[in-house]
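**Q** Build the 3D model from these lines:
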Amino acid sequence: MIVYHGSIRKFEHFAKETVVQNLRNDINTIGFWFTSDIDSAKPYAIGTETVFQKSETVFWEDGEPKVVQLDRPVKGFIYKVYMDEPNLKEYESKSEDPYDLFMRERDKYCDYLGGRKRNLTWKDKAILLNKEEANAEFRKNLISQGYEGFLIRNTRLQNGVTDLYCIFSEDSLHIADVIPVDVLDE
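**A** So this is what the prediction gives:
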């Protein structure tokens with residue numbers, strides 16, 4: 001199976017230490033995330049990185065330039081990834097949003113901070129207090145059922161609809177190609 005992963009960083013192989021994913025709803029630490037098409041992965045390869053550099057306009061009293069922090073726009077890479085056919089739990093529905101089905105299942109492990117309402121969910125946009133723990137427990141539950149990840153069918157993302165994959169282990173992931181986003185823009 002071929003899937004795609006967008007990242008602002010370049011790396012040689014998938015590892016929890018090297019892959020940084022910026023996903024909505026605090027789901028980024030569940031596993032490694034992929035899309036079924038290259039265009040859907042592209043927004044994850046565009047972002048900003050914080051850099052420190054000597055200022056050209058701000059100086060100390062002695063004339064030395066100050067070091068300033070800047071957020072610089074970055075266009076990263078799309079990883080074309082081959083993986084063996086993993087055993088995936090599928091979230092799919094004709095009557096409900098598959099992403100909502102996934103999030104409701106994960107909500108069982110989440111503690112949210114919010115106003116007066118009890119039993120908050122991800123839709124309440126409340127602050128998730130236990131992101132790491134909730135994601136770990138959700139992942140552990142699926143692994144105990146024999147799953148190596150999950151698939152959310154027909155997920156609405158920024159620029160369309162795609163299948164969204166989350167894989168728990170880097171062992172079955174093989175990078176087939178690394179495509180700079182700049183090349184896709186040409």
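**Q** name the helices or strands packed onto the worst-scoring helix or strand of the chain on mean pLDDT?
**A** Least confident helix or strand of the chain, by mean pLDDT, DSSP states H and E, is helix 181-185 with a mean of 82. When contacts are defined as 3 or more Cβ pairs under 8 Å, 6 or more residues apart in numbering; DSSP states H and E, helix 181-185 packs onto strand 65-75, strand 77-83. Yep, even glycine has a C-beta here, placed from its N, CA and C like the rest.
**Q** lowest-confidence stretch among those?
**A** Of all these, the minimum mean pLDDT falls on strand 65-75 (a mean of 88).
**Q** Alpha carbons of that one, as CSV, please.
**A** This file holds the C-alpha atoms of strand 65-75, laid out as CSV (Å, rounded to 0.1, in the frame of the first residue of the first chain):
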residue,chain,number,x,y,z
PRO,A,65,23.3,43.4,16.8
LYS,A,66,20.8,41.8,19.1
VAL,A,67,19.8,38.2,18.5
VAL,A,68,16.1,38.0,17.6
GLN,A,69,13.6,35.2,17.3
LEU,A,70,11.7,34.9,14.0
ASP,A,71,9.1,32.5,12.6
ARG,A,72,10.2,31.7,9.1
PRO,A,73,7.9,30.1,6.5
VAL,A,74,9.0,26.7,5.5
LYS,A,75,8.1,24.4,2.6
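**Q** Where does the prediction get shaky in this structure?
**A** 18-20, 115-117, 186 (pLDDT under 70).
**Q** Longest helix of it, counting residues only.
**A** When the chain is parsed with DSSP state H, its longest helix is helix 131-144.
**Q** residue ranges for the strands of the chain, please.
**A** Taking DSSP state E, the strands of the chain run over residues 2-7, 32-35, 46-59, 65-75, 77-83, 88-91, 112-113, 127-128, 149-157, 160-167, 173-180.
**Q** quick check: angle from the first one to strand 46-59?
**A** Translated: strand 2-7. With axes from the mean of the first three to the mean of the last three Cα atoms, to 10 degrees applied, the angle from strand 2-7 to strand 46-59 works out at 10 degrees.
**Q** which residues touch the nearest residue to residue 36 once chain neighbours are set aside?
**A** The shortest distance from residue 36 to any non-neighbouring residue, by Cβ to Cβ, 6 or more residues apart in numbering, is to residue 163 (3.8 Å). By Cβ atoms under 8 Å, 6 or more residues apart in numbering, the residues touching residue 163 are 35-36, 151-155.
**Q** hmm, back to that, out of the helices and strands packed on helix 181-185, the one nearest residue 41 is which?
**A** strand 77-83 (5.2 Å; Cβ to Cβ).
**Q** Please report the distance of the residue of the chain most remote from its centre from residue 176.
**A** Ranking residues of the chain by C-alpha distance from their mean position (Cα atoms, centre = their mean) puts residue 62 at the top, at 45.1 Å. Residue 62 is 54 Å from residue 176, where distance means Cβ to Cβ, to the nearest Å.
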